[in-house]
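J.: Next input, structure requested:
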Amino acid sequence: MKNRTNTSAIRAALVAALLGINGAVMAQPGNGAAALSQTATTIRSYGTSATTIILALGVLIGLIGAVRVYSKMHNGDPDTQKAMVSWFGAALFLVAVSAILTSFFG
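T.: Numbering: from 1, shown residues only. Predicted structure coming up:
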């Protein structure tokens, strides 16, 4: 009997201590909200730069792909259609990633 009483008293003391700590943490002013707000603003500012970089890489990859497709077409390579489809797919993917980044970063 004595063991149960001690266990329940310990549990009650732990719960009270945890509730007290939780209340003290929640009562502190500015509990990181300003830091989170500043971090969110900083991350949003990276969105425009990331989108611009991805579009620039897309232009570069598009030009290289166009030269490859033209070279294959000019040489009569039977694999030209496969190269064209993959080049077009890569271009669509980069445009989609750019749109997703724009919507994600706001």
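J.: quick one, domains of this protein?
T.: Domains of the chain are assigned by automatic domain parsing as 1-31, 35-105.
J.: Pick out the shakiest of those domains, pLDDT-wise.
T.: Of all the domains of the chain, the minimum mean pLDDT falls on domain 1-31 (a mean of 56).
J.: Which helix in this protein has the most residues?
T.: For the chain, the helix reaching the highest residue count under DSSP state H is reported as helix 33-75.
J.: helices and strands around that one, which ones?
T.: helix 80-105 (3 or more Cβ pairs under 8 Å, 6 or more residues apart in numbering; DSSP states H and E). Every C-beta, even on glycine, is put in place using the N, C-alpha and C of the backbone.
J.: the inter-axis angle of the helix it packs on versus helix 33-75?
T.: Angle, helix 80-105 to helix 33-75, by axes from the mean of the first three to the mean of the last three Cα atoms, to 10 degrees: 170 degrees.
J.: residues of helix 80-105 that come out buried?
T.: Buried residues in helix 80-105, counted by 16 or more other Cβ atoms under 10 Å: 80, 83-84, 87, 91, 94, 97-98, 101.
J.: do stretch 52-66 as well
T.: 54, 58, 65.
J.: and those as JSON lines, adding distance to Ala34?
T.: What follows is these, written out as JSON lines (distance: Cβ to Cβ, whole Å):
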{"residue": "Ile54", "distance to Ala34": "31"}
{"residue": "Gly58", "distance to Ala34": "37"}
{"residue": "Gly65", "distance to Ala34": "46"}
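J.: With that, I have no additional questions.
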